[in-house]
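S.K.: return a 3D structure for these sequence lines:
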Amino acid sequence: MWPLNSLAAVLRDLGNMVEAESLFRYVLEVRERVLGSDHSDTLISVAGLGVLQYRRGEQDAARTLLERALEGQENALGSEHPRTLTTVNGLGCLMEACGDYAATELSFRRVFEARSRVLGVRFIRTRLKAGKHWLTCGKEEDIDNRGMWS
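M.R.: I've put the predicted structure just below:
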């Protein structure tokens, strides 16, 4: 199912939302039936479908799917697993699009703090994501106060 889920993500990224959604839903249905609804692979399909809904502007549907994926990933993988943090980041992006900057900041801080603990504050992906997100939330001082660029 990995190749089909990956194809669905590529189709989504290329803007072919109808075919991508159909493929995501097919993979999700198979994974739920074979692996169960709480399996980490199933939750990847849930999150992928959530991102598709977000990109379509269907924010309520996206939030429902991303929150489902996050809850399952936290239970199955833990709160600091990279997949879990990717979903937290996706929820942060969704909250940013909805104009909920307080929720956006909470999500992005959670990702930054977990990545800092696991990878270190000087790890380039940690720094780049934190910088982008704190600028979005108007928190430029946090970038300097954490010594990320020195």
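
S.K.: would you mind measuring from M1 to Q73?
M.R.: 17 Å (CB to CB, to the nearest Å). No exception for glycine: its C-beta is placed from N, CA and C like everyone else's.

S.K.: of those two, give the one with the bigger neighbour count.
M.R.: Comparing M1 with Q73 by neighbour count (other CB atoms under 10 Å), the higher total belongs to Q73, at 25 against 16.

S.K.: how about the contacts made by the more buried one?
M.R.: For Q73, the contact set (CB atoms under 8 Å, 6 or more residues apart in numbering) comprises S40, L43, A47, H81, R83, T84, T87.

S.K.: save those as CSV, and put in neighbour count and pLDDT too.
M.R.: Listed next are the contacts of Q73 as CSV, based on neighbours: other CB atoms under 10 Å; pLDDT from 0 to 100:
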residue, neighbour count, pLDDT
S40, 17, 95
L43, 28, 96
A47, 25, 95
H81, 16, 93
R83, 17, 93
T84, 26, 95
T87, 30, 95
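
S.K.: could you work out the most separated pair of the residues you listed?
M.R.: Pairwise distances across these peak at 12.6 Å for A47 and H81 (criterion: CB to CB).

S.K.: so which bits of stretch 40-51 are buried?
M.R.: S40, T42, L43, I44, S45, V46, A47, G48, L49, G50, V51 (16 or more other CB atoms under 10 Å).

S.K.: residue contacts, the fourth one?
M.R.: Yep, that's I44 we're talking about. With the criterion set at CB under 8 Å, 6+ apart, I44 makes contact with N5, A69, R83.

S.K.: of the residues you listed, closest to C93?
M.R.: A69 (13.7 Å).

S.K.: ok, that closest one touching D41?
M.R.: No: between A69 and D41 there is no contact under CB atoms under 8 Å: 11.4 Å.

S.K.: any chance of CSV for the contacts of Q73, columns secondary structure and distance to A114?
M.R.: Output for the contacts of Q73, formatted as CSV (DSSP: H, G, I helix; E, B strand; the rest coil; distance: CB to CB, whole Å):
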residue, secondary structure, distance to A114
S40, helix, 17
L43, helix, 18
A47, helix, 17
H81, coil, 9
R83, helix, 12
T84, helix, 8
T87, helix, 12
